[in-house]
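**Student:** Got a predicted structure plus its sequence, pasted below:
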Amino acid sequence: MSNPEQLRYSKEHEWLSAAEDGVSTVGITEHAASALGDVVFVQLPEVGDAVTAGESCGELESTKSVSDLFAPVDGEITEVNQSVVDDPSLVNSEPFAGGWLFKVKVTGEPEDLLSAAEYTAFTAG
């Protein structure tokens, strides 16, 4: 599994894009998608919701289990990916592209996020 270099990663297996006009895109990693198995249901936060880094903001249900979705940063939800709600399998097939989950207007500096190399080492252990 390769983790795109331009992204940052949480230890809860979410990825975060660099902010454009203060807004970052969030998804789950290929590692997490693989561990979950086939995702069959996605519950995302709503536009306008405030999220706090490290706290649950939704959930992903797979054929194996239900897992919390954690916010990698503090901020306000600006957009959700309706395509993933309609077709949860995008989380498995395109975790770093069409399977993104939501966009967040970041407030404050993201902390405790890993580089691609650090995340790769983290998941290898």
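**Tutor:** Right, received. Where do you want to start? Please read all numbers here as calculations on a predicted model, not as lab measurements.

**Student:** Do you have the helices of this structure handy? List them.
**Tutor:** Along the chain, counting by DSSP state H, helices occupy 30-36, 82-86, 90-93, 116-124.

**Student:** okay, the ones you listed in CSV with mean pLDDT, distance to residue 57 and mean neighbour count next?
**Tutor:** Using the backbone N, CA and C atoms, a C-beta is placed for each residue, glycine as well. Shown next, in CSV, are these (pLDDT from 0 to 100; distance: least, C-beta to C-beta, whole Å; neighbours: other C-beta atoms under 10 Å):
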stretch, mean pLDDT, distance to residue 57, mean neighbour count
helix 30-36, 95, 15, 19
helix 82-86, 97, 14, 13
helix 90-93, 96, 15, 20
helix 116-124, 96, 20, 14
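
**Student:** what's the closest of those to residue 3?
**Tutor:** Proximity to residue 3 (C-beta to C-beta) singles out helix 116-124 among these, at 4.2 Å.

**Student:** contacting residues around the closest one?
**Tutor:** Contact with helix 116-124 is made by 1, 3, 4, 5, 7, 9, 11, 13, 29, 31, 114, as judged by C-beta atoms under 8 Å, 6 or more residues apart in numbering.

**Student:** who does the closest residue in space to residue 66 that isn't next to it in sequence bridge with?
**Tutor:** Excluding the flanking residues, the one nearest residue 66 by C-beta to C-beta, 6 or more residues apart in numbering is residue 59, at 5.8 Å. Following DSSP bridges, residue 59 is listed with bridge partners residue 43, residue 68.
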